[in-house]
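Engineer: sequence and predicted structure, then a few things I'm wondering about:
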Amino acid sequence: MDEQKVLSIKGLLDDTPEEYLSHKEKYENSIRKSVLFYKTLHSTEDENMSVDEKTKLNFRNIVTSAIFKDNSPFMLHNSMFIPTIMGQGTDEQREYWMKRAKNMEIIGTYAQTELGHGTFIRGLETQATYDPDTEEFVLHSPVLSSYKWWPGGLAHTANYCIVMARLYIKGKSHGIHPFMVQIRDEETHMPLPGIKLGEIGAKLGFNTVNNGFLGFENHRISRDRMLMKNAQVLKDGTFVAGSNSKLTYGTMVYVRVLIVSNMANMLAKAVTIALRYSAIRRQSQPKPDEPEPQILDYVTQQHKLFIAIASSHAFYMNAMWLWEIYYSVSLQLASGKLDNLPELHALACCLKPLSTIDATAMIEKCRLACGGHGYMLSANLAQTYGLATAAYTYEGENTVLLLQAARSLVKAWVGHVKGRPLKGTMAYLAGDSTVKAWDGSIDGIIQSFKVVAIRKISSVVKILQDYEKSGLSPEDAWNKASVFLTAASEAHGRAVLLSVYKSEMDKRAAVLSPPLRKVLLQLVDLYVTYWALEKVGDMLLYASITDKDVDELQRRYIELLAAIRPNAVGLVDAFDFRDEILNSTLGAYDGRAYERLMEEAMKSPLNAEPVNQTFHKYLKPFMRGKL
Ligand SMILES: CCCCC/C=C\C/C=C\C/C=C\C/C=C\C/C=C\CC/C=C/C(=O)SCCNC(=O)CCNC(=O)[C@H](O)C(C)(C)COP(=O)(O)OP(=O)(O)OC[C@H]1O[C@@H](n2cnc3c(N)ncnc32)[C@H](O)[C@@H]1OP(=O)(O)O
Ligand SMILES: Cc1cc2nc3c(=O)[nH]c(=O)nc-3n(C[C@H](O)[C@H](O)[C@H](O)COP(=O)(O)OP(=O)(O)OC[C@H]3O[C@@H](n4cnc5c(N)ncnc54)[C@H](O)[C@@H]3O)c2cc1C
């Protein structure tokens, strides 16, 4: 969506910094801006868009929605409510609900997590009991831990939500299914009878997303409110199971893929702020007869920041590649072909964790690289960190997802050993895992990461098998080995991230001008070399790297930093964030950081008067010994 159009919306940009608003005012201000934004947004993804258009729309929505320092209370409407209707509704349900949702006649959210369960979906306690006499479902929260807890927009914004509830028919549980539930009156916005709603309170970030709680007291909905694409309940209460119970988990896969592109965007924002500031900030005097240098000329500063540029590119390339897979698997699912779903799930379970782990760490490093001014909220680095670190947890807590990926890797490896063919992104596991001599080329290092993954997967399978041979149950063996199961998943994820980044860049390199190709391939080289040094222990253990090779890698890394330095500012300018989207005193294009810091400081309510009223009320009596 055209940023110019968004930014021209009158009243969208805050004159009072959000930091000085109350918790309640922040929410109300975010609603005001979201309504303005949506009036312009209009365009939402539709079925006949090309993959490229859908992907660009998602990315654009993320970028433009970043205009808020925090996420919007409408976020779940777009990122989960609509995708669930699309993915879980029958044609008739999609027809009806998509029109209302796309026109913003209704605002929805996705209510799955409960006070007592987030990870373990099969443990969810919200009940949907079918009553064949009235052809209704009775929604009920039997205990406090079954209250829905966390869904964005749930507290005061949404009037409908997808509720993931346990289906009971004649006393038998049929697992977790999606239900379309109206939670507030469309005219008065009052909670409907038998529905308790509220906000869960202040958080590290996401403080305008309006995360809420929802409890049901025998609330009835009609049978047609169960989204029945994947499983059905007939009028007489007959349950018709879907081809795969995990199809109800489909929205989560979609969001996990979305998160990878979101991390590319968040990291790009943070490094734009930190790198531009590093170009204008001068500090210290290493050479007595020369002026203070730009801090960007300190190699330690380049080490902190340049990898963030390369990582944003890597996440973006991996995200676009993953979107292609997502859309092709979605088309296959629509025709009942399920066999590529496990691979998509495993990929999402690797790339969502690794992109969020790296992005969160690197955004924090961008903040730290700005010294004291990075600690100012007006720099917008702390808020960016708050948004990114949330993604470590939501949409599948990272450890849990890495263990899910390990489940697929273990199955693939055991099958391979028994002679079953490997396919897709796991095909490399059949490769030679003995490295005679270190190959320091980009492709050689990427191959070494694949060898590390093969060796870690095979060795953790051996640990599992030894535990089971010693008499441990498969579950206990799995738990005992779980630290190294997640390590094996991370190694696989690293190999995917590196090889996809390189191959996607190679595809694009042919159409780039030679100077641009040179700079972008320097970033690929930096990314591969950085990670080889970060994982030098694995390289020593599995890839025959010697101390001489490490010396060579270190020198190459230093030379790459120097080679990238002249283009560093140009590389972040190329992310093309407008000042209003960066929303940062340190990252503005004009480099007037000090003036902006002072301008923002003067907006503090405390600066409205030279003497605060507490002087006369408390300080003066105190200092005069009268307290
Ligand atoms: C006005 C301005 C605004 C404008 C906005 C415009 C646009 C907005 C766009 C973007 C906004 C910007 C950024 C935001 C981007 C994203 C953020 C969106 C939302 C954030 C809010 C967060 C929401 C949530 O957190 S929703 C809740 C998420 N919860 C989870 O993810 C729970 C995680 N747990 C699980 O997934 C499962 O419990 C489990 C861990 C997978 C275990 O499941 P279980 O049933 O117990 O299975 P197992 O017994 O372990 O068996 C595993 C078995 O099943 C297969 N499997 C598992 N999952 C899947 C799956 N999803 N698909 C396919 N197969 C699956 C698995 O492979 C295994 O198979 P096997 O038996 O063969 O091995
Ligand atoms: C900002 C934010 C927004 C959110 N928005 C929504 C929303 O809109 N809708 C919604 O439904 N939910 C939402 N959530 C909830 C989110 O999906 C859950 O927090 C997430 O799924 C993790 O579940 P949990 O909180 O129960 O953590 P837990 O699963 O209790 O995790 C706690 C610890 O236990 C460990 N653990 C759990 N299970 C295992 C296991 N099997 N093996 C090993 N270790 C394990 C985890 O690794 C973690 O270290 C949101 C959460 C956040 C933070």
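Structural biologist: Perfect, thanks for sending it. Ligands and ions are numbered 1, 2, ... in the order given.

Engineer: so who does the closest residue in space to residue 385 that isn't next to it in sequence touch?
Structural biologist: Residue nearest to residue 385 in three dimensions, not counting chain neighbours: residue 363, with 4.9 Å by CB to CB, 6 or more residues apart in numbering. Bear in mind the C-beta positions are built from the backbone N, C-alpha and C, glycine included. Neighbouring residues of residue 363 by CB atoms under 8 Å, 6 or more residues apart in numbering: 266, 267, 270, 308, 381, 384, 385, 388.

Engineer: distance of the fourth one from ligand 1?
Structural biologist: When CB to the nearest ligand atom, to the nearest Å is applied, the distance between residue 308 and ligand 1 equals 19 Å.

Engineer: going forward can the numbers begin at 53, since that is how I track them
Structural biologist: Will do, 53 is the new start, and the previous item becomes residue 360.

Engineer: now for that residue, how many residues are close by?
Structural biologist: Under the neighbour criterion other CB atoms under 10 Å, residue 360 is assigned a count of 25.

Engineer: Serialize the contacts of residue 415 to TSV and add fields for secondary structure, pLDDT and distance to residue 546.
Structural biologist: Below are those laid out as TSV (DSSP: H, G, I helix; E, B strand; the rest coil; pLDDT from 0 to 100; distance: CB to CB, whole Å):
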residue	secondary structure	pLDDT	distance to residue 546
318	helix	95	20
319	helix	97	17
322	helix	98	21
360	helix	98	17
433	helix	97	26
436	helix	95	24
437	helix	97	23
440	helix	96	19
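
Engineer: and the residue nearest to residue 437, how far is that from residue 538?
Structural biologist: 22 Å (CB to CB, to the nearest Å).

Engineer: using the three-state scheme, assign whichever residue of the chain sits closest to ligand 2.
Structural biologist: Closest to ligand 2 within the chain is residue 170: 2.2 Å, counting by CB to the nearest ligand atom. Look at residue 170: counting by DSSP: H, G, I helix; E, B strand; the rest coil, its state is coil.

Engineer: test my guess that it contacts residue 202.
Structural biologist: Yes. Counting by CB atoms under 8 Å, residue 202 is a contact partner of residue 170 at 7.1 Å.

Engineer: mind listing what the most centrally placed residue in the chain touches?
Structural biologist: Nearest residue to the geometric centre of the chain (CA atoms, centre = their mean): residue 311, 3.1 Å. Residues counted as contacts of residue 311 (CB under 8 Å, 6+ apart) are 404, 407, 408, 443, 447.

Engineer: can you pull the contacts of the third one?
Structural biologist: To tie it back to what came earlier, the one meant is residue 408. 311, 315, 440, 441, 443, 444, 450.

Engineer: which non-adjacent residue is nearest it?
Structural biologist: The shortest distance from residue 408 to any non-neighbouring residue, by CB to CB, 6+ apart, is to residue 443 (4.4 Å).

Engineer: quick one, what contacts the one you found?
Structural biologist: Contacts of residue 443 (CB under 8 Å, 6+ apart): 311, 314, 315, 404, 408, 411, 412.

Engineer: take those and write them to a markdown table, including secondary structure and pLDDT.
Structural biologist: As requested, the contacts of residue 443 are exported to a markdown table (DSSP: H, G, I helix; E, B strand; the rest coil; pLDDT from 0 to 100):
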| residue | secondary structure | pLDDT |
| --- | --- | --- |
| 311 | helix | 96 |
| 314 | helix | 94 |
| 315 | helix | 96 |
| 404 | helix | 98 |
| 408 | helix | 98 |
| 411 | helix | 98 |
| 412 | helix | 98 |
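
Engineer: nearest to residue 600 among those?
Structural biologist: residue 411 (33.6 Å; CB to CB).

Engineer: state the distance from residue 129 to residue 68.
Structural biologist: 26 Å.

Engineer: if you count surrounding residues, which of those two has more?
Structural biologist: Per other CB under 10 Å, whichever of residue 129 and residue 68 has more neighbours is residue 129, with 27 against 11.

Engineer: got phi/psi on the more buried one?
Structural biologist: phi -60, psi -50 (degrees, to the nearest 10).

Engineer: isn't it right next to residue 210, touching?
Structural biologist: Yes. Contact between residue 129 and residue 210 holds when scored by CB under 8 Å: they sit 7.2 Å apart.

Engineer: so which residues on the stretch 103-252 of the chain come close to ligand 1?
Structural biologist: 113-114, 117, 124, 126-128, 130-132, 162, 164-165, 171-174, 204 (CB under 6 Å from any ligand atom).

Engineer: what touches both of residue 129 and residue 210?
Structural biologist: With CB under 8 Å, 6+ apart, residue 129 and residue 210 have common neighbours 159, 160, 161.
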